[in-house]
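Build me a model:
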Amino acid sequence: MADINTIEWFYLISSSIIALLSFAFSSTMTAAFFRKRSIGSSFMMVAFGFIAMSETFFSISLWLRAFNAAPLEATGILQSLYINFLCLAIVYFYYFSTRHILRDNELVKSLIIVFTVEIIVVVTTLMFTKVLGGSIAFEGAIKFTLGGTDIEIFAPIWYMLIVLFTPLVNFMLMRMNFNLTAIHRKITDAVAKRGTIYINYSVIALTMSISFLTPFLIPQVNNIAWLAIILQILRLITTAFAMVIGYLGWVFPEWLKKRIRAQAWIVQAFKKIEGKDIHYEYSTSSNSSEPVKIAVQEVSEP
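This next block holds a predicted model:
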């Protein structure tokens, strides 16, 4: 059995917690899909399913390397899939957000999706080539050791992370945050208003988590052991907060439902609450203080 030091145990345990939290949240999204069977809930289920798988691949790769239970190439493939699945999650999360929050036109959606998919293909191809020992003119990945440990990992080269991946993801999430803030100001229904607050906080926390991940995967930063540990702790905190508050926002548990008289699925709260169809008409006026117009229609029992 390999001799595991304290810092290595920290990375192993913290990565496992992030993976378990991601799987727990993915399970709630899957349950919501089977209850509602809507396109929006399917996008959320797939997006967070990819996040859960990506975090699991990364955690497994750390455990395998720490105990020397697999060759470096095998764990490198898992780390390549980590980046790949994380990017795929962003694609489906964007599909969901553009239906309910961003409402981009078809041209903008096509450009964003094509650009994101190109990044996924390029980054994944370059990382797999490096992991499998191939030689190409442009290096797309770098191998380094986590600060204070003997755990070797692969990550995309720093300028691919900083120039491509992080700005693209955070730009989309910050747009969601801006639009949710504007929507929140115009909603008068207490249930929908509370839901948008929870969702907005979850998006902010997810943005922070991605921001902390980028420097963590830069060797020059990670070689400073105490700084890498702080970044991992911050990533753990922001990811946990995003999942917990996201659960309250997207899926209302029974105790919260009783407290604020909401339905279980916050997206549906915009449309139907306790036997009534509620239609929200969002004004395009720049005056954010203009209230949302609400039309209520009784729904007949089957």
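
Can you check which helix is longest in this structure?
Using DSSP state H to assign secondary structure, the helix with the most residues in the chain is helix 6-36.

and that one, what other elements does it pack with?
The helices and strands touching helix 6-36, judged by 3 or more C-beta pairs under 8 Å, 6 or more residues apart in numbering; DSSP states H and E, are helix 39-66, helix 225-250. For the C-beta atoms, the positions are set from N, CA and C on the backbone; glycine is no exception.

Comparing those, which comes out most buried?
Most buried of the helices and strands packed on helix 6-36 by mean neighbour count (mean count of other C-beta atoms under 10 Å) is helix 39-66; its value is a mean of 22.

and it, what does it pack onto?
helix 6-36, helix 72-100, strand 152-156.

hmm, try it at 7 Å
If you count contacts as 3 or more C-beta pairs under 7 Å, 6 or more residues apart in numbering; DSSP states H and E, helix 39-66 packs onto helix 6-36, helix 72-100.

Please dump these into CSV; it should also carry mean neighbour count and distance to Asn177 for every row.
Supplementary listing: those in CSV, determined by neighbours: other C-beta atoms under 10 Å; distance: least, C-beta to C-beta, whole Å:
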stretch, mean neighbour count, distance to Asn177
helix 6-36, 18, 19
helix 72-100, 21, 11
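
If you average pLDDT over each of those, which is lowest?
Per-stretch averages of pLDDT across these put helix 72-100 at the bottom, with a mean of 84.

Off-centre distance for it?
Here the centre of helix 72-100 is set off from its chain's centre by 9 Å, with C-alpha atoms, centre = their mean, to the nearest Å.

Next secondary structure element downstream of it?
Following helix 72-100 in sequence order, the next helix or strand is helix 106-131 (DSSP states H and E).

Report the inter-axis angle for that following helix versus helix 72-100.
Using axes from the mean of the first three to the mean of the last three C-alpha atoms, to 10 degrees, one finds that helix 106-131 and helix 72-100 are set 170 degrees apart in direction.

Check which residues of helix 106-131 are buried.
Neighbour counts over helix 106-131 (16 or more other C-beta atoms under 10 Å) mark 109, 112, 116, 119-120, 123-124, 126-131 as buried.

In a markdown table: those, plus distance to Ser97 and pLDDT.
Compiled in a markdown table, the buried residues of helix 106-131 are given as follows (distance: C-beta to C-beta, whole Å; pLDDT from 0 to 100):
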| residue | distance to Ser97 | pLDDT |
| --- | --- | --- |
| Lys109 | 11 | 78 |
| Ile112 | 11 | 77 |
| Thr116 | 13 | 76 |
| Ile119 | 18 | 74 |
| Ile120 | 18 | 76 |
| Val123 | 22 | 76 |
| Thr124 | 23 | 77 |
| Leu126 | 28 | 78 |
| Met127 | 27 | 79 |
| Phe128 | 29 | 79 |
| Thr129 | 32 | 78 |
| Lys130 | 32 | 77 |
| Val131 | 32 | 80 |
